[in-house]
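>>> Predicted structure and sequence below. I'll ask about it afterward.
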Amino acid sequence: MEKRVILAAMLMAGLLMVYQTLFLSPSQQTPPAKTEAPAPGSPAPAAPGAGAPKGQAAAPGAPATPPPPAAPVAVPAVPERAASVLSPLYHATVVSRGGEIREWNLNYRGQKPMVVPGLLGPVGLTVERAGAPAQVVPFTLSPDKIDLGPAAPDGEMKLTGEDGYGLRFAETRRFRADNYTVEQIFRVENRHSVAQGAELVLTWKAPVEWPKDRAEVFLGQHPIRVVGLLAEGLRREDLPKESRRVADGSWIALESEWYLTAFIPKSPGWKLVEAPVNGAATVGVRATLPVLQPGQAWEGSLLLYVGPKEYDRLKAFGVGLEKSIYFGGFPVPQSYGGLPMEWVTVPLLWLLHAFYGWTGNYGVAIILLTVITKAVFFPLTVKSMRSMKAMQAIQPQVNQLRAKLKNDTAKLQQETMALYRQHGVNPLGGCLPMIVQIPVFYALYVALSVAVEIQNAPFICFGRAPKWLPLLGGSDLWICNLADYDPTYILPLLMGVSMFIQQKMTPVMGDPRQAKIMLMMPIVFTFMFLNLPSGLVLYWTLSNVLQIAQQYYMDRGAKPAKVPARATKKA
């Protein structure tokens, strides 16, 4: 019995082997009709029953992407080539591998490389399809050089290539002399004899952690966040280490405090993507092509912006790209919904640029802006100071009440309020006028924090100190970059001194011991401001000086007598 079972199993195994050899091919797929694949550059024959004529995009409701053709098309090797774009705003180099931008140097207050090969920059056009590895498309480039300027305000570069499966890619890139954008227009045509589809991916990568042995060439070279206007709203987060996202939206970007690299889809079909890849964060766009019948084509377009975060320039795109500038919000009661600082900061930025247009010096523009804002709020400041002096005048009587009624809190509050009414003093009179001013002065602080225009902008610059000079050898003298700290630390020390004088001149309304503690604040602030941008320190120092001048004006005109009581009734 056992021998018959074994013999039957052997016969069945042998029959299966013979069947596989004679009747089954190595692939279960049925080969296409014997039609030669079209050579590159020749028109593809129309397949019977094709869903659309040649050159017309496939219907949006086309079925899912099929596997790649059984027989890849032989594509001639494309030699590595590079083309350059010279513009008054930047210098770019495009290479044939995927049309990758290998170099993008901004001419913006100095040379600022936005691309660092192997570390920071774009990945060329990548094609992904089921059953095949991702492939970077090799392109031919034409022309080799584009020189933009007043005589040639814009220029075009043509890129053509094939992926080895019969998809032919044609891309037109449009550059402008007055803009930091690249308009990319794609056309993908199926030149194979079978229907197929794929996904196009364009990304820009940045290291999550900048190499410690490689210093940034300029402030803001390393993107630190991902920001995007998605379908559900604005999204801003630190560079992702693990999260992956594919979403609909208006744009997505990598950003530092002052610079931006953004993908802006201009045609339907693009998805915004972000993902970590080998220790780097990548953002970009992805388009899933509909199933293209032989001879059919798909077209799409997008904008790539690589440049500074100038509010007016970003707002001109009309897609909310200016929201990439983070103005923050001023904390007010939640029931009021908060106070968006953009409402106050944007007008202050406009004034700053207007003053720069008149003076040609951003340091002087900061001074003018600070003086004008102080002058506008001078009446409120005077009212606040008078109220504080009135409070100071009756402070001895308040202290007597506290000592007398220290064990009766309710009675103390009642008597204190009666004393305030008797002398016509509002305990909040010194605070309310200042509270109105705080959002404006905070907005001025924010405006100087986000103003990329002050990078490499000098104020009072004497050049560099000799290298043999102790401590300052090789440093700028004095303020040659308002976006950088003062290497001499003179300005932060002046800020600390002005703040100390201001504290000494401010009327003391509360416990004298608290006033002594407040005198420590100038020391704390001095250390905080040592490494802050000089433009911010200049604003803060000048604000203190103007406050001292206002306080001196009030002290000089103040009456030596104490505040008279409005009523003869004793407290």
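Received the coordinates, thanks.
>>> you'd agree Ile523 is up against Gly496?
Yes - under the criterion of Cβ atoms under 8 Å, Ile523 lies in contact with Gly496, with a separation of 6.8 Å. C-beta: built from backbone N, CA, C; applies to glycine.
>>> higher neighbour count, these two?
When neighbours are counted by other Cβ atoms under 10 Å, Ile523 and Gly496 differ, and Gly496 comes out ahead with 22 against 12.
>>> Could you name the specific helix or strand carrying that one?
When elements are assigned from DSSP states H and E, Gly496 belongs to helix 490-505.
>>> Next, the buried residues of that helix.
491-496, 498-503 (16 or more other Cβ atoms under 10 Å).
>>> Check which helices and strands it sits against.
Contacts of helix 490-505 with other secondary structure elements, assessed using 3 or more Cβ pairs under 8 Å, 6 or more residues apart in numbering; DSSP states H and E, are made with helix 521-529, helix 534-557.
>>> Can I get those helices in JSON lines including distance to Thr409?
Formatted as JSON lines, the entries for the helices and strands packed on helix 490-505 read as follows, by distance: least, Cβ to Cβ, whole Å:
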{"stretch": "helix 521-529", "distance to Thr409": "30"}
{"stretch": "helix 534-557", "distance to Thr409": "34"}
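>>> which stretch among these comes nearest Gln400?
Proximity to Gln400, assessed across these by Cβ to Cβ, is greatest for helix 534-557 (25.6 Å).
>>> now that closest one against helix 490-505, angle please.
An angle of 30 degrees separates the directions of helix 534-557 and helix 490-505 when computed by axes from the mean of the first three to the mean of the last three Cα atoms, to 10 degrees.
>>> how far off helix 521-529 does helix 534-557 point, in degrees?
Taking the same axes, to 10 degrees, one finds helix 534-557 and helix 521-529 inclined to each other by 160 degrees.
>>> so how far is helix 534-557 from its chain's centroid?
How far helix 534-557 lies from its chain's middle: 34 Å, per Cα atoms, centre = their mean, to the nearest Å.
>>> Put the alpha carbons of that helix into CSV.
What follows is helix 534-557, C-alpha atoms only, in CSV (Å, rounded to 0.1, in the frame of the first residue of the first chain):
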residue,chain,number,x,y,z
SER,A,534,22.3,93.9,16.1
GLY,A,535,19.1,95.4,14.6
LEU,A,536,17.1,94.1,17.5
VAL,A,537,19.6,95.4,20.1
LEU,A,538,19.7,98.7,18.3
TYR,A,539,15.9,99.0,18.5
TRP,A,540,15.8,98.0,22.2
THR,A,541,18.6,100.4,23.2
LEU,A,542,17.1,103.3,21.4
SER,A,543,13.7,102.5,22.9
ASN,A,544,15.3,102.7,26.4
VAL,A,545,17.0,106.0,25.6
LEU,A,546,13.7,107.5,24.4
GLN,A,547,12.0,106.2,27.6
ILE,A,548,14.7,107.9,29.7
ALA,A,549,14.2,111.1,27.8
GLN,A,550,10.4,111.0,28.4
GLN,A,551,11.0,110.2,32.1
TYR,A,552,13.4,113.1,32.4
TYR,A,553,10.8,115.4,30.7
MET,A,554,8.2,114.3,33.2
ASP,A,555,10.5,114.6,36.3
ARG,A,556,11.6,118.1,35.2
GLY,A,557,8.0,119.3,34.9
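>>> Any buried residues in that helix, and which?
Taking 16+ other Cβ under 10 Å as the basis for neighbour counts, the residues of helix 534-557 that come out buried are 534-548, 550-551, 554.
>>> can you check stretch 206-224 too?
Of all the residues in stretch 206-224, those buried under the rule 16+ other Cβ under 10 Å are 206-207, 210, 218-223.
>>> how long is that stretch end to end?
Separation of the first and last residues of stretch 206-224 by Cα to Cα, to the nearest Å is 9 Å.
>>> roughly how far is it from the heart of the chain?
The answer for stretch 206-224 is 15 Å, by Cα atoms, centre = their mean.
>>> begin at 18 from here
Got it, the first residue is 18 from now on, which makes the last one we talked about stretch 223-241.
>>> Pull the residues that contact that stretch.
The contact list for stretch 223-241 (Cβ atoms under 8 Å, 6 or more residues apart in numbering) reads 127, 129-131, 133, 136-137, 255-258, 271-276, 278, 293, 296-299, 469, 472, 500-501.
>>> can you do 7 Å?
The contact list for stretch 223-241, computed with Cβ atoms under 7 Å, 6 or more residues apart in numbering, reads 127, 129-130, 136-137, 255-256, 258, 271-276, 278, 296-298, 472, 500-501.
>>> Keep only those of these that are in strands.
Using DSSP state E, 129-130, 255, 271-272, 276, 278, 297-298 are the members of the contacts of stretch 223-241 that sit in strands.
>>> just to revisit the earlier point, export only the CA atoms of the helix holding Gly513, formatted as PDB.
Below are the C-alpha coordinates for helix 507-522, written out as PDB (Å, rounded to 0.1, in the frame of the first residue of the first chain):
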ATOM      1  CA  ILE A 507      29.400  97.500  22.700                       C
ATOM      2  CA  LEU A 508      25.700  97.700  21.700                       C
ATOM      3  CA  PRO A 509      24.500  95.100  24.200                       C
ATOM      4  CA  LEU A 510      26.400  96.800  27.000                       C
ATOM      5  CA  LEU A 511      24.900 100.200  26.000                       C
ATOM      6  CA  MET A 512      21.500  98.500  26.100                       C
ATOM      7  CA  GLY A 513      22.200  97.200  29.600                       C
ATOM      8  CA  VAL A 514      23.300 100.600  30.900                       C
ATOM      9  CA  SER A 515      20.200 102.300  29.400                       C
ATOM     10  CA  MET A 516      17.900  99.700  30.900                       C
ATOM     11  CA  PHE A 517      19.600 100.300  34.300                       C
ATOM     12  CA  ILE A 518      19.100 104.000  34.100                       C
ATOM     13  CA  GLN A 519      15.500 103.500  33.100                       C
ATOM     14  CA  GLN A 520      14.900 101.300  36.000                       C
ATOM     15  CA  LYS A 521      16.400 103.800  38.400                       C
ATOM     16  CA  MET A 522      14.200 106.600  37.000                       C
END
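>>> Could you give the average pLDDT over that helix?
This predicted structure assigns helix 507-522 an average pLDDT of 90.
>>> Stretch 208-221 too?
Mean pLDDT, taken over the full extent of stretch 208-221, equals 92.
>>> just stretch 266-286 next, same as before
With pLDDT averaged residue by residue, stretch 266-286 scores 96.
>>> List the buried residues for that stretch?
By neighbour count on 16+ other Cβ under 10 Å, the buried set for stretch 266-286 is 266-282, 286.
>>> Now do the helices in this protein.
Shown for the chain, the helices assigned by DSSP state H span residues 19-40, 328-332, 359-376, 379-393, 395-410, 412-421, 426-439, 449-467, 507-522, 529-535, 538-546, 551-574.
>>> which one of the buried residues of helix 507-522 is nearest Pro160?
Nearest to Pro160 among those, with distances taken as Cβ to Cβ, is Leu508, at 50.0 Å.
>>> does that closest one really touch Val554, like I thought?
Yes - shown here, Leu508 and Val554 form a contact pair, counting by Cβ atoms under 7 Å, at 4.8 Å.
>>> List the residue ranges of the stretch 118-267 of the chain that fall below the pLDDT cut-off.
Counting by pLDDT under 70, the stretch 118-267 of the chain contains no low-confidence segment.
>>> so how far is Glu432 from Val415?
Distance of Val415 to Glu432, computed by Cβ to Cβ, to the nearest Å: 9 Å.
>>> swap in Lys332?
Lys332 is 57 Å from Glu432, where distance means Cβ to Cβ.
>>> More neighbours: which of those two?
Under the neighbour definition other Cβ under 10 Å, Lys332 and Glu432 were set side by side, and Glu432 has more, 19 against 15.
>>> hmm, back to that, what angle do the helix holding Gly513 and helix 395-410 make?
Here helix 507-522 runs at 50 degrees with respect to helix 395-410, directions being taken by the same axes, to 10 degrees.
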